[in-house]
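Undergrad: Quick one, fold the following:
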Amino acid sequence: MKLASLEHGRDGKLIVVSRDLKRMADATDIAPTMQAAIDNWDNALPRLRGLYESLNSGACEGEAFDEAACASPLPRAYQWADGSAYVNHVELVRRARGAEMPETFWTDPLMYQGGSDTFLNPRGDIRMPQTEGWGVDFEAEIAVITDDVPMAVSVENAPKHIKLLMLVNDVSLRGLIPGELGKGFGFFQSKPSSAFSPVCVTPDELGDAWQGSKLHLPLVSHLNGKMFGKPDAGIDMTFDFAQLVAHAAKSRPLGAGAIVGSGTVSNKLNDGPGKPVDDGGVGYSCIAEIRMIETIENGAPTTPFMDFGDQVRIEMFDKAGASIFGAIDQTLTQA
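TA: Numbers count the residues shown, from 1 in each chain. Okay, the predicted model is just below:
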């Protein structure tokens, strides 16, 4: 099943979207918003699924679906916790700022609590007051939405609490990160508002691509119309989503509608960093990684971070080449 939120007030208007992303049907008589649906998921699910099947079969005509009319599936959320499941990415970006990586990073996931009160629209601008010295970067990721997760949930029981999946652009300000982390208190200014894909989907919609609490498909990123990365999200994921959800709930419960992110999707090559797409590799899901590769190979980075007017597009396709979640497509503009 595929769900989305049309722009409407602060929390959007819930709709069901056809499998081919061409039609939509109003679902507000079932639940007015995505959050309301998650709050009452067991009761809402059968009715939403029935509407979805009617839309796909043509029994419900619906209306034309326009991704540009969507807010993020949850326009704001009670919880946004982003992990770093792809440790190859963590190792590269830490090397880029001269920081060693402890061995525990391979056994205990990193996670930060992001701002969840002002998510960006998937087709909305990334607005920044400046770019000079800030190192504006995109990060292509996957995220799950949970129902109520009990404190200390086991890894074995965590998957049943994963109700929806979506894509993420976790915008990062690389130039501000070292100073903030140097204070020993974590991210804040360096992690502005994130954007999520127009559509979120139930795990069963993904078929055999959803296995072991991982999504086994390439995550495709374009920067200014050029392919930047296509790493497989099911490869080199050190911590799966069950482990990430259990980690987030170790000492506190997660409320319905909590979002847990994977961190930047990143693939290795022969136990080393991956290669750019132009060199026959799968590329990267953020600019920081290619800058690290350039530093390793040439002594200094040459790829710039984003500037005003730059455009990033993030999308995932099924094995038949159809878009699953719709596209995050954003332009960096001056606030």
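Undergrad: Below-threshold pLDDT in this protein: ranges please.
TA: Judged by pLDDT under 70, the chain has its weakly predicted residues at 93, 95-98, 271-272.
Undergrad: residue closest to the middle of it?
TA: residue 168 (2.3 Å; CA atoms, centre = their mean).
Undergrad: In contact with that one, which residues?
TA: Residues in contact with residue 168 (CB atoms under 8 Å, 6 or more residues apart in numbering) are 82, 139-143, 194-197, 261-262, 314, 328. Where C-beta positions appear, they are placed from N, C-alpha and C, glycine not excepted.
Undergrad: let's see 7 Å
TA: When contacts are counted by CB atoms under 7 Å, 6 or more residues apart in numbering, residue 168 touches 141-143, 194, 196, 261.
Undergrad: Any idea what it is bridged to?
TA: Taking DSSP bridges, one finds residue 141, residue 196 as the beta-bridge partners of residue 168.
Undergrad: hmm, who's touching the longest helix belonging to the chain?
TA: In the chain, with assignment by DSSP state H, the single longest helix is helix 41-57. With contact meaning CB under 7 Å, 6+ apart, helix 41-57 is reached by 1, 16, 18-19, 23, 25, 27, 30-31, 37, 60, 62, 147, 163.
Undergrad: And the following helix or strand past it, what does it pack against?
TA: Per DSSP states H and E, the first helix or strand lying C-terminal to helix 41-57 is strand 63-64. With contacts defined as 3 or more CB pairs under 7 Å, 6 or more residues apart in numbering; DSSP states H and E, the packing partners of strand 63-64 are strand 23-26.
Undergrad: quick one: the strand it packs on to chain centroid distance?
TA: Strand 23-26 sits 24 Å away from the centroid of its parent chain (CA atoms, centre = their mean, to the nearest Å).
Undergrad: by contact count, what packs against that strand?
TA: By 3+ CB pairs under 7 Å, 6+ apart, strand 23-26 packs against strand 13-17, helix 41-57, strand 63-64.
Undergrad: Adjacent strands (with direction) for that strand?
TA: strand 13-17 (antiparallel), strand 63-64 (antiparallel).
Undergrad: Reduced to three states, what does residue 206 come out as?
TA: helix (DSSP: H, G, I helix; E, B strand; the rest coil).
Undergrad: Where do the strands of the stretch 101-250 of the chain begin and end?
TA: Shown for the stretch 101-250 of the chain, the strands assigned by DSSP state E, counting those that start in this stretch span residues 111-113, 126-128, 136-137, 140-146, 162-169, 172-173, 195-196, 199-201, 210-211, 214-215, 219-223, 226-229.
Undergrad: same for the first one, what does it pack against?
TA: Packed against strand 111-113 by the contact rule (3+ CB pairs under 7 Å, 6+ apart) you find strand 80-83.
Undergrad: Identify the residues contacting the strand it packs on?
TA: With CB under 7 Å, 6+ apart, strand 80-83 has contacts from 109-116, 170, 239, 244, 248, 259-263.
Undergrad: Just among the contacts of helix 41-57, which is most surrounded?
TA: residue 16 (27 neighbours; other CB atoms under 10 Å).
Undergrad: Now do the contacts for that residue.
TA: 3, 24-25, 27, 48, 51-52, 55.
Undergrad: Okay, residue 26 and residue 327: tell me how far apart.
TA: 23 Å (CB to CB, to the nearest Å).
Undergrad: What segments of the protein are helices?
TA: Counting by DSSP H, the helices of the chain are 34-39, 41-57, 87-96, 177-182, 241-248, 287-298.
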